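K.L.:
Below are the sequence and a predicted model; questions follow.
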Amino acid sequence: MNMKVACLQMDIAFGDIEENVKRAAEQLAAVMEQEPDVVVLPELWTTGYDLTRLDVLGDVDGVHVKGVMSEWAKAYDVNIVGGSIAKRTDDGVTNTMYMFDRSGEIVGEYSKVHLFQLMDEHKFLAPGSDEGQFTVDNVPCAGFICYDIRFPEWLRVHTSKGAEVLFVVAEWPLPRLVHWRTLLTARAIENQCYVVACNRAGSDPNNVFAGHSMIIDPWGEVVAEAGEGEEMLVGTLDFAKIPEVRRGIPVFEDRRPDLYK
Ligand SMILES: O=C(O)CCC(=O)C(=O)O
């Protein structure tokens with residue numbers, strides 16, 4: 001079985017939700033000509049890192065943007081891994097990913113559990129505590145947000161439970177591009193699964209972002225990689241590769257959970 005995935009590596013207008021919804025809608029319409037099964041958006045794609053204004057910009061219970069993405073999924077008959085948005089509740093603002101199936105139903109929700117202190121996330125966001133497991137056309141998947149990829153044990157929790165595709169959405173800065181590429185590749189190799197990573201392009205008042213969205217196979221080979229600018233990255237996952245790689249090097253059988261979790 002194959003699955004065609006598309007990452008919308010968009011530039012994000014700082015704090016301008018209306019403009020960002022318009023930009024995403026345009027990229028989505030354009031990429032649908034390639035008939036992907038799944039479309040992935042970047043982290044905080046409606047607001048960017050406008051952290052000091054998230055108490056105002058945050059989407060109350062995610063209702064507005066959930067509605068927009070649900071309509072897109074239905075209209076295009078496509079699964080959507082909805083990047084993340086600032087979700088506002090009485091308990092604070094979370095950096096939250098919503099996943100939709102082709103009928104526009106929400107099939108998953110995940111709030112970033114590792115907040116990135118270097119960019120002050122811990123001062124403005126509340127951490128999540130739930131796992132981001134979901135299925136796309138019956139394939140078990142999991143969602144992660146940016147800094148999460150520095151915590152291999154968190155991704156392993158999900159692959160141990162069967163995830164075959166790890167979707168990563170990010171606003172990863174350019175100065176650490178080498179970490180982005182290396183960590184994503186390592187996560188694919190050690191988990192012997194696909195990694196689909198959608199980063200943003202462009203800059204905000206504090207950072208220049210790396211782009212370089214990537215699709216990596218279970219052997220660690222790059223299926224597709226974007227450049228630094230705005231781009232729609234499309235690639236095909238071939239699920240026959242997962243058992244092939246796992247048969248060759250049976251990492252999951254050889255683990256010693258009696259010594260470590
Ligand atoms: O870990 C990094 O270097 C980048 C993380 C990040 O930018 C984020 O989590 O938003």
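P.N.:
Cool, got the structure.
K.L.:
and residue 173, what does it touch?
P.N.:
Neighbouring residues of residue 173 by C-beta atoms under 8 Å, 6 or more residues apart in numbering: 207, 208, 209, 210. Where you see a C-beta, it was placed from the backbone N, CA and C, and this is true even at glycine.
K.L.:
Could you pull up the residues touching residue 2?
P.N.:
Here residue 2 is in contact with 236, 237, 238, 239 (C-beta under 8 Å, 6+ apart).
K.L.:
contacts with the ligand among the contacts of residue 173, please.
P.N.:
When C-beta under 6 Å from any ligand atom is applied, no member of the contacts of residue 173 is adjacent to the ligand.
K.L.:
What about the ligand: which of the contacts of residue 2 touch it?
P.N.:
Near the ligand, judged by C-beta under 6 Å from any ligand atom, there are no entries from the contacts of residue 2.
K.L.:
ok, now which ones touch the closest residue to residue 133 other than its chain neighbours?
P.N.:
With sequence-adjacent residues excluded and distances taken as C-beta to C-beta, 6 or more residues apart in numbering, residue 133 is closest to residue 142, at 5.4 Å. By C-beta under 8 Å, 6+ apart, the residues touching residue 142 are 131, 132, 133, 134, 155, 158, 159, 163, 165, 166, 167.
K.L.:
Could you check the pLDDT of residue 142?
P.N.:
On pLDDT, residue 142 comes in at 98.
K.L.:
Over to the one 4 residues further on?
P.N.:
pLDDT for residue 146: 98.
K.L.:
how many neighbours does it have?
P.N.:
For residue 146, the neighbour count with other C-beta atoms under 10 Å is 26.
K.L.:
does it really touch residue 113, like I thought?
P.N.:
No: the pair residue 146 / residue 113 is not scored as a contact, 11.3 Å apart, by C-beta atoms under 8 Å.
K.L.:
Are there residues contacting both of these two? Which ones?
P.N.:
Joint contacts of residue 146 and residue 113 (C-beta under 8 Å, 6+ apart) do not exist.
K.L.:
Which helix or which strand is home to residue 107?
P.N.:
Here residue 107 sits within strand 106-111, counting by DSSP states H and E.
K.L.:
Alpha carbons of that strand, as CSV, please.
P.N.:
C-alpha atoms of strand 106-111 as CSV (Å, rounded to 0.1, in the frame of the first residue of the first chain):
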residue,chain,number,x,y,z
ILE,A,106,-11.5,15.0,14.0
VAL,A,107,-9.5,11.8,14.4
GLY,A,108,-6.9,13.1,16.8
GLU,A,109,-5.8,16.0,18.9
TYR,A,110,-2.3,16.5,20.4
SER,A,111,-0.9,19.4,22.5
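K.L.:
so how far is the next helix or strand after it off the chain centroid?
P.N.:
The helix or strand immediately downstream of strand 106-111 is helix 121-124, counting by DSSP H and E. The chain centre lies 20 Å from the centre of helix 121-124; the measure is C-alpha atoms, centre = their mean, to the nearest Å.
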